[in-house]
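Novice: just coords:
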């Protein structure tokens, strides 16, 4: 979904929450569930924030990967968990508001309570470094127009920001790809490097290591502006697709009916982690920008994207591949 303007506005308006002196949390480990396989954007972000949050809360925070159904398997588990703050979901808005409009899920937006935003990340279109077919985004578009459905383009799961970005790319450029879904960026990257797919739309955070190592080539950043971590890679405006301007936002959720005091404690611990210089540097190294702020910042983003997803669904534009 497109929400870069929203983030800029909310970054100014958000008031940082302070960590309550007495965090009202059960004295047991916290499980932070990631809805995709290890190695992807959400996994990297979760493993960066878990240790400092554990330190702030004074109790262990364990990261678990539960992939499948575009995030619905993990989201379902968190939605039905005890609302005591010890089972959390690291998620993009898409798993919460888009996937339920594409497949049947036992949850919806009202099944969760927001803890807060975590980070935002650029999306990139990448190929294997030894792929001779495409040198840039216009080259890819030109080939796809001449060969409808012949370019295989991978994403990390149905309803994800990567999936929607491909759909937007097809619509904006007037092309058709052979879209291939995976259970996370990690498996998709493996198949791209192995030659099973031609192109991958991914978060910069999970692809940047392979780009820097020379194993993958980024054709474009899927926003009008270039990303400071890849200043040599053009954005969509330079590639002739200024209407395509997307990014991925990650947030932290708890089950609905989690007590307000518990949510405040979690939000305080999250903000303390995100304001730490080392944590900010770690996130930046993997292509993400820390987004500390009030819990309702993520709530407002979810509500906005839920409305956008409903409009897309009503227009018949949200379908599984």
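Specialist: Received the coordinates, thanks. Because the structure is a prediction, the values reported are computed rather than measured.

Novice: for the stretch 201-321 of the chain, which spans come out with low pLDDT?
Specialist: Within the stretch 201-321 of the chain, the ranges that satisfy pLDDT under 70 run 320-321.

Novice: Tell me where the stretch 201-321 of the chain has strands.
Specialist: Chain-ordered strands for the stretch 201-321 of the chain, with DSSP state E, counting those that start in this stretch as the definition, fall at 216-221, 247-255, 288-290.

Novice: now the ones you listed as JSON lines including mean neighbour count and distance to residue 168?
Specialist: Using the backbone N, CA and C atoms, a C-beta is placed for each residue, glycine as well. As requested, the strands of the stretch 201-321 of the chain are exported to JSON lines (neighbours: other C-beta atoms under 10 Å; distance: least, C-beta to C-beta, whole Å):
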{"stretch": "strand 216-221", "mean neighbour count": "23", "distance to residue 168": "13"}
{"stretch": "strand 247-255", "mean neighbour count": "26", "distance to residue 168": "12"}
{"stretch": "strand 288-290", "mean neighbour count": "23", "distance to residue 168": "21"}
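
Novice: and of the ones you listed, who's closest to residue 301?
Specialist: Evaluated over the strands of the stretch 201-321 of the chain, closeness to residue 301 peaks at strand 247-255, with 6.5 Å, by C-beta to C-beta.

Novice: The closest one pairs with which strands?
Specialist: Paired neighbours of strand 247-255 in the sheet (DSSP bridges): strand 87-91 (antiparallel), strand 112-128 (antiparallel).

Novice: What mean pLDDT does the longest one get?
Specialist: Which is strand 112-128. The pLDDT scores in strand 112-128 average 96.

Novice: now that strand and strand 216-221, what's the angle there?
Specialist: Angle, strand 112-128 to strand 216-221, by axes from the mean of the first three to the mean of the last three C-alpha atoms, to 10 degrees: 120 degrees.

Novice: again with the first one
Specialist: Angular relation of strand 87-91 and strand 216-221 on a 0 to 180 degree scale: 80 degrees, by the same axes, to 10 degrees.

Novice: Run through who's touching strand 87-91.
Specialist: If you take C-beta atoms under 8 Å, 6 or more residues apart in numbering as the criterion, strand 87-91 is touched by 30-35, 42, 45-46, 71, 74-75, 77-78, 81, 112, 115, 118, 250-255, 266.

Novice: and the residue lying closest to residue 312 once chain neighbours are set aside, how far is that from residue 184?
Specialist: The shortest distance from residue 312 to any residue that is not its chain neighbour, by C-beta to C-beta, 6 or more residues apart in numbering, is 5.0 Å, and that residue is residue 318. The spacing between residue 318 and residue 184, counted by C-beta to C-beta, to the nearest Å, is 20 Å.

Novice: ok, the two, which is more surrounded?
Specialist: With other C-beta atoms under 10 Å as the criterion, residue 318 and residue 184 differ in neighbour count, and residue 184 comes out ahead with 25 against 22.

Novice: I figured residue 141 hits residue 173, correct?
Specialist: Yes - in this structure, residue 141 is within contact of residue 173 by C-beta atoms under 8 Å, at 4.8 Å.

Novice: who touches both of those two?
Specialist: If you check residue 141 and residue 173 against C-beta under 8 Å, 6+ apart, the residues they both contact are residue 241.

Novice: follow-up on the earlier one: mind putting the strands paired with strand 247-255 in TSV, mean neighbour count and distance to residue 66 included?
Specialist: TSV is the format used below for the strands paired with strand 247-255 (neighbours: other C-beta under 10 Å; distance: least, C-beta to C-beta, whole Å):
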stretch	mean neighbour count	distance to residue 66
strand 87-91	26	10
strand 112-128	25	16
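
Novice: Distance to residue 284 added to the ones you listed, as TSV?
Specialist: Output for the strands paired with strand 247-255, formatted as TSV (distance: least, C-beta to C-beta, whole Å):
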stretch	distance to residue 284
strand 87-91	18
strand 112-128	9
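
Novice: so which of these gets nearest residue 233?
Specialist: Residue 233 sits nearest to strand 112-128 of all the strands paired with strand 247-255, at 7.3 Å, using C-beta to C-beta.

Novice: So which residues make contact with stretch 33-43?
Specialist: Against stretch 33-43 from outside (C-beta under 8 Å, 6+ apart): 46, 63-68, 70-75, 77-78, 87-92, 95, 121, 156-157, 182-187, 189, 202-203, 205-206, 248, 250, 288.

Novice: How about the contacts made by residue 256?
Specialist: 79, 83, 110, 111, 112, 113.

Novice: which of the residues you listed sit farthest apart?
Specialist: Greatest spatial distance among these (C-beta to C-beta): 83 and 110, at 12.9 Å.
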